[in-house]
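S.K.: I need the structure of the sequence given here:
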Amino acid sequence: MLVDVIADAREELLAMTYAARPYPALTQAFTEAAARGVEAHVVVETLAGARGLLSGPEPADAFAPVPGLRLWHWARGSARQAQSRQHAKLAVADRRVLFLGSANLTEAAARRNMEAGVLVRGGEAPQRAAEHIVELQRLGILQPLRR
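M.R.: Numbering: from 1, shown residues only. Sure thing, here's the model as predicted:
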């Protein structure tokens, strides 16, 4: 379903995930979106931000092969936020299609895990989700992730 949302994007794609691992179908979908000229932004948790709850390579590394993809992370500002996680899992295509669910951007989530999600086409939900992410970027709560 997530690959379908990415395939629907023509101008803008916004996504958020906690964990990410290389997943060829997802990498291909993002790469094809880039080839169509889609401006893609993905917010990922970092190993440092997860404070030991994620292991292995940096989640952002899963997107290394995708040209032009802009990666973001939650820049926690207070001691209280230090124990928090960026746990949202969603994708918004062109502010008109929203996929919101429990699945991370991993092959395990797509092929093996029991996950749940909802797909919303049209209406206010996709627009508002996209506006929320863009506002978090504008305010500096989400900051560009340097690779």
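S.K.: make it CA atoms for all contacts and neighbour counts henceforth
M.R.: Noted.
S.K.: pLDDT at S78, what is it?
M.R.: Looking at S78, its pLDDT is 64.
S.K.: er, A108 I mean
M.R.: So A108 comes in at 90 (pLDDT).
S.K.: go on, R51?
M.R.: For R51, pLDDT reads 87.
S.K.: what's near enough to touch it?
M.R.: Q83 (C-alpha atoms under 8 Å, 6 or more residues apart in numbering).
S.K.: mean confidence score for stretch 31-38?
M.R.: The model assigns stretch 31-38 a mean pLDDT of 97.
S.K.: contacts for that stretch?
M.R.: With C-alpha under 8 Å, 6+ apart, stretch 31-38 has contacts from 6-7, 9-13, 40, 65-69.
S.K.: to the chain's geometric centre, what's the distance from the longest helix seen in the chain?
M.R.: Ranked by residue count, the top helix of the chain under DSSP state H comes out as helix 124-138. Taking C-alpha atoms, centre = their mean, to the nearest Å, one finds helix 124-138 lying 13 Å from the centre of the chain it belongs to.
S.K.: continuing past it, what's the next helix or strand?
M.R.: Following helix 124-138 in sequence order, the next helix or strand is strand 142-144 (DSSP states H and E).
S.K.: So the closest residue to L2 other than its chain neighbours: helix, strand or coil?
M.R.: Residue nearest to L2 in three dimensions, not counting chain neighbours: F99, with 6.9 Å by C-alpha to C-alpha, 6 or more residues apart in numbering. What DSSP: H, G, I helix; E, B strand; the rest coil gives for F99 is strand.
S.K.: Appreciated, that's everything.
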